[in-house]
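1. Quick one, fold the following:
(chains A, B, C and D)
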Amino acid sequence: MLTNYIFIPIAAAFIAYILNKRNRKAGAVITALVSAYLLLSLTALYGRWDITQSFNLSLMGYKIDFLLAVNPLSWLFAVMTAAISILIALFSINSQENFKFSSVFNLNFLIIIGSMIGIVFARDFLTLFIFWELMTWTSFYLISAGKKKMAGRAAYRYIILSAGAAYAFLMAAIFIFQQTGSFAFDSAAEFLVANSPAQSIMLLLVISLPFIVKAGIFPLHIWVKDAHGNAPKEFSPFLSGMMLKIGIYGMIVVFYQLSFFKIIENTIAYRGLPLLSYLFALLGAVTIITGTILAIRQEDMKKLVAYSSISQMGYIIIGIAIATPLGFSGSMLHLMNHLIFKSTIFLALAAVIYRTGTTKMYEMGGLIFRMPLTFAAYLTAIIALAGIPPTNGFISKWVIYQALIEKGYLFLAIAAFFGSIASFMYVFKPLSTVFLGQLKPQHQNIKEVPLLMKIPMLILILVIVLFGVFPGIQMNIINQISGYLGIETVNYTLYSIQGANGAWNSLLIFNIFSAGFIIALLLFSFAKKSKLVGLLDTYSSGEYITDAESYHYAYQYYRPFDRLFDNLAAKSLTDFYETLTKNLVRSGEGLRRALAAGKLQNYALYSVLLFVILAAVGWII
Amino acid sequence: MLNFLEEWSFFGGSILLILIGLYGVITRKNMIKILISLALMDTGVNLMLVALGYVKAANAPILNSVVQTNTAAFVDPIPQALVLTSIVIGTAVLGLGLALVIKIYDKFSTLDISKIRGLKW
Amino acid sequence: MPLISSFLILIMLIAALAALFFDNLLNSIIAAGLVSLIASVLFYFLKAPDVAMTEAAIGAGLTTAIFVLALYKTERGKSE
Amino acid sequence: MVNLTLIIAIPLLMSFTMPIFKMLNQKLPKVIALLTTAFNLLVLTANFSQIMDSAIIIELGGWQAPLAINLYVGPLALLAAFLINGSAFILSIYNLTQDYKFDDKFYLLFLMITAGASGMVMTGDLFNLFVFIEITSIAAYSLTAFAGRDSYEASFKYLVIGGIGSVFMLLGIGFTYSAVGSLNLAEIAASAGLINPLLLQITALLFLIGVGIEAELFPLNFWVPDLYTEAPTAVSGIMSGAVSAAGIYALARIFFTLFPAQSFLNYLLYLGAITLILGELIAYQQKNIKRMLAYSSLAQMGLIVAVISLGTEGAVRAGLFQLVNHSILKILLFISAGVLISAAGSKNIDDLAGLGSKKKTAAFGFTIAAMGILGVPFLNGFISKFMIISSSLNADQFLLTVLILLAAVIEIAYYLKVVQKLYFEDLKIEVKKTAVITIPVVLLTLMIFGLGIYPQLIADPLEKAAAELINNGSYIMTVLGGM
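-> Have a look, this model is predicted:
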């Protein structure tokens, strides 16, 4: 029964909510147990791609079929959801002690898990929409539960963009329903292919709106930074790691299952790629660039990572949009890998926040000695993020580059490289300012996080390296997905992937890196130890420095670089949206002041005027 | 000519009375005058209703044993019944309105509606 | 007869306008009472004696009375 | 089978004997009000299956249909009567915990509103409709003034606008009568085609103004925010939950059964759409929570009118479902907002910050109702929103659909502002003691979830009501069938 996967978490949500009122840890424990159950039972579902379930409902005179089915694509997303939820739940068992909205968190988190599985199992628009809305609404509360005012505003922006897009989606879906008499994807795809291409393309673009919003693709990315940056620290990994991906899932559904690519096949093309696909890829490229530049400017470490998420989503979109076997596989790889390393980063940051209570990077420093495992997790994850072998992040980016070079999309490739190189800059910033440098006096007594928080980080480190060495594990399911969607598959072995101009052998690279690492370790252990000097045990230019802060250069880390982009359009995009809303409000206010001025005589006049005007209209017509 | 005048003076007069009342509601600032205007409108409508039911050369719709008239020659009694109800309702509304005026006056010490705009927007 | 009713209607309209434009509220109320009174006469002309009676009693009498009462409870009552 | 006349008669009887009950026992008026509304609901339930089969027609005074005043209770009237008496019942439960200064008079008027609104939806006679509208309005004028202070002003405004409306309506009735020679709705409907088109046009417009005031149509609705803001919570609740429903019923009855013409429906469509978008835009800027709810009510009314006047069966059904939802949700919103306001001692939204942790029931009620209005899945608003979009697309009203969705987004913006304030901001004020509203909140929440998860509950009545409305021939046949 596929409904079990959806409704067990949703039912458990209410149990968790009630129990959480009694014991703060109960909710997280239930979340962990439910996710573990989901993961186990989903594993049992592997390979059984024929399971479907449907309900017929005659709802208020509409005959509606609700269809659920498993396929490799949805299975992958469901497993990803369940796996990451276990880790986050484990992590949050301890961290929720001081969390004011602990019960709200567990209630909404479990509903989100359930509705996300509902989304990926849905085979028709209405089921998809219902769970999509459920996910959006519950995540609104979760984001709101974050840091005070900013979180509220972020959640607000998020819900309004999402709702607007979702309503547009609903409209298009109902339009298709009225043409075909069914909400099912299959009949919709048939209809769209047979329909006039212009209308079909319009419909599909509207349908993809909520997915674009959720994936944070330029120009609808404005909610991502504040929402991810201000969400509760336990939720950020999920938000950034998983919820963005569900947008990508939607895009894949639109592109392949609703035959967007098939419809635009014969339209104007650029280098053999339909212009619309290229435009999507271009959006991806712009997303990469804006995300990267804005990440570099950030002083808040969570917002920095949030922007980095935006830019990484750009890679995934590029790969999917260019629609080559390599591109698609690269995107799927990157999608999984991004989930892994981005949640690692957020968990590590959550651990830091758990101990220090701040997210401002310039208020921290030198935490490497106090929180070594957190540091290790963060380091591994940013290495993966920047795409350095032997981590998983390298492989996926490599496959995407291969795909871009294979077709010769110069601009896209440059954008991708730019993003990759610049990501060094921004991920190094937290590394240097939070973990390296001087330990702040107020953080002298900080300890490493408790065991339950260490375990998820440790698992994630191992997974990063595991997938970095054996990408074949991921390629197995990806090729099944490719096969399911009718894309050519890519040749691979357990530790190598066949690219366009050469194969990548990760085992070889891993061995080389390990050798280098061991040599370095040996050198470090046997070379002469450096002497540790106290923080204030020094002077400069004859002047004693009594303030430890001055030794730690962390505020406006990349100031010269920032200046370059100070006037970048991406910043004013938010302003643009805000001006738009402000004008809307102002027009409403004008109307209000003009019409509802509190004058009884005016109100009486309106009734007479209405009569006269309507009578005149009736006379003329 | 006279028939024309007779018929239309009632309709025209009652419509004009309604319009005068409406004009009063829209332009007068004094609350008592607004209510007076409402009363004028009511009177106008009542006049109109009775005029609509009026049949020339007919009798009042009263049956008695002395005058045995043909029932067809009665004025239509239904509008008159309506008007009776309407007069009562109108008076009730006016009474309530005046009570409110007194209450408002207690609070604001003015009858000028344009000075009482606590509720707007 | 038609002439009389037309004439009465004319007076009624003038009284109605006067009710709106008098400065003194008491005069307004009396003018409005006059309108009701004429209306009741017109009702009688229209073969509606029961309405005429009601209008005379309630419209011209009671309404005017409560208007005057309200007037004395508000401005008049204050100035004296 | 219980005589349906009792629905009007018993509340009126109880209402005028209220001072006697008060003399017997101080608490009695509250209980009597509750019992009366409960009794009404029981009467309606007892007649439910029969009405679903065929409309019940009750001739008063023993005369035949066109001569005597008759009551006509079809599925539509039943639906509306359920809404009215249900609202009154829930609010009576709420009232148990409230103390009003002149409570015998309050409950007198409260029952009078119930009786008047029930009469509005059940009568089959045009003038009777007018009388019931007036009963309802007069009771509403007076009830509004119960809050003291600014409520007098609100009441006065409503009274003057309502007075103008009644004049328009009376004129319309006069014209109709002079043209048709009958006041029976069915007979008017049967011979409406014979009326001179110009006269018909004028008459219909007169009714549009007259009833539009009760149905809160733009631009006749500016008294509404004042009234909802200042009136006691229970009055705001019954006005938006019951009286406006009766107004919609009257509007629908007049423009579907009496004068079924597409041009009038188009007027209603445009007016409704303007009401919707204007209401939402103004509600978005309100700082006063009750005023915000009032403008939101306006917008909802506009939406309902616009959707119903699309005129297709699906659209009417969607509009009626939205009407049901609106009644449930708005009452919950008003009573929970009322508690929040008295806890904070202020109507300003900013002052409600952080009350979610102190006034749990009220905050929960507000949130769940807001979610319902915004159309979150598994709540009732979702189904009606789906039906509305679907039916308006079906009627090829693309622009209207976009407008409705735009309005829905604005709605999200201002409701969530309050919800966020309630739960995610720090408490700034000292919380005052308030009434307990657990029972009504639980009842209404159950209804919200019930209709959201299993909308088939009212599918049948809705379908029958919509069918009754768009097919005025059957109405005429049922009433005049004997002739």
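2. ranges for the helices of the stretch 351-483 of chain D?
-> The residue ranges that make up the helices of the stretch 351-483 of chain D, judged by DSSP state H, counting those that start in this stretch, are D:360-374, D:380-394, D:398-424, D:438-453, D:459-470, D:472-480.
3. nearest to chain A, of the ones you listed?
-> Counting by Cβ to the nearest Cβ, chain A lies closest to helix D:398-424 out of the helices of the stretch 351-483 of chain D; the figure is 4.0 Å. For every residue, glycine as well, the C-beta is placed using N, CA and C.
4. any residue of the closest one up close to chain B?
-> No. Looking at helix D:398-424 against chain B by Cβ under 8 Å from any Cβ of the partner chain, there are no contacts, and the closest approach is 14.7 Å.
5. Let me know the angle separating that helix from helix D:380-394.
-> Relative orientation of helix D:398-424 with respect to helix D:380-394: 160 degrees, computed using axes from the mean of the first three to the mean of the last three Cα atoms, to 10 degrees.
6. which stretches of chain A have low pLDDT?
-> Per-residue confidence of chain A (counting by pLDDT under 70) places the weak regions at A:148, A:500, A:528-572.
7. now the strands for it?
-> Read by DSSP state E, chain A holds these strands, from start to end of the chain: A:52-59, A:62-69, A:269-270, A:273-274, A:492-493, A:496-499, A:502-505, A:539-540, A:543-544.
8. Please identify which residue in chain C comes closest to chain D.
-> In chain C, the residue that lies nearest chain D is residue C:70 (12.5 Å; Cβ to the nearest Cβ).
9. Grab the nearest non-local neighbour of that residue.
-> Nearest non-adjacent residue to residue C:70, counting by Cβ to Cβ, 6 or more residues apart in numbering or on different chains: residue B:98, 3.9 Å away.
10. helices and strands around the helix or strand where the one you found lies, which ones?
-> Take DSSP states H and E as the rule and residue B:98 turns out to sit in helix B:77-108. Identification of packing neighbours for helix B:77-108 by 3 or more Cβ pairs under 8 Å, 6 or more residues apart in numbering or on different chains; DSSP states H and E yields helix B:31-52, helix C:49-54, helix C:63-73, helix D:126-144, helix D:151-180.
11. Most proximal residue of chain A with respect to chain B?
-> residue A:598 (2.6 Å).
12. what's near enough to touch residue A:68?
-> Residue A:68 is in contact with A:2, A:3, A:6, A:52, A:53, A:54, A:118, A:121, A:122, A:123, A:127, counting by Cβ atoms under 8 Å, 6 or more residues apart in numbering or on different chains.
13. Go again with 7 Å.
-> With contact taken as Cβ atoms under 7 Å, 6 or more residues apart in numbering or on different chains, residue A:68 is in contact with A:2, A:3, A:52, A:53, A:121, A:122, A:123, A:127.
14. Looking at the residues you listed, point me to the pair that's furthest apart.
-> When Cβ to Cβ is used, the two most widely separated members of those are A:3 and A:123, lying 13.2 Å apart.
15. so where do the helices sit in chain C?
-> C:2-21, C:25-45, C:49-54, C:63-73, C:75-79 (DSSP state H).
16. Columns mean pLDDT and mean neighbour count on top of these, output as a markdown table?
-> Listed next are these as a markdown table, based on pLDDT from 0 to 100; neighbours: other Cβ atoms under 10 Å in any protein chain shown:
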| stretch | mean pLDDT | mean neighbour count |
| --- | --- | --- |
| helix C:2-21 | 84 | 18 |
| helix C:25-45 | 87 | 22 |
| helix C:49-54 | 84 | 20 |
| helix C:63-73 | 87 | 19 |
| helix C:75-79 | 57 | 12 |
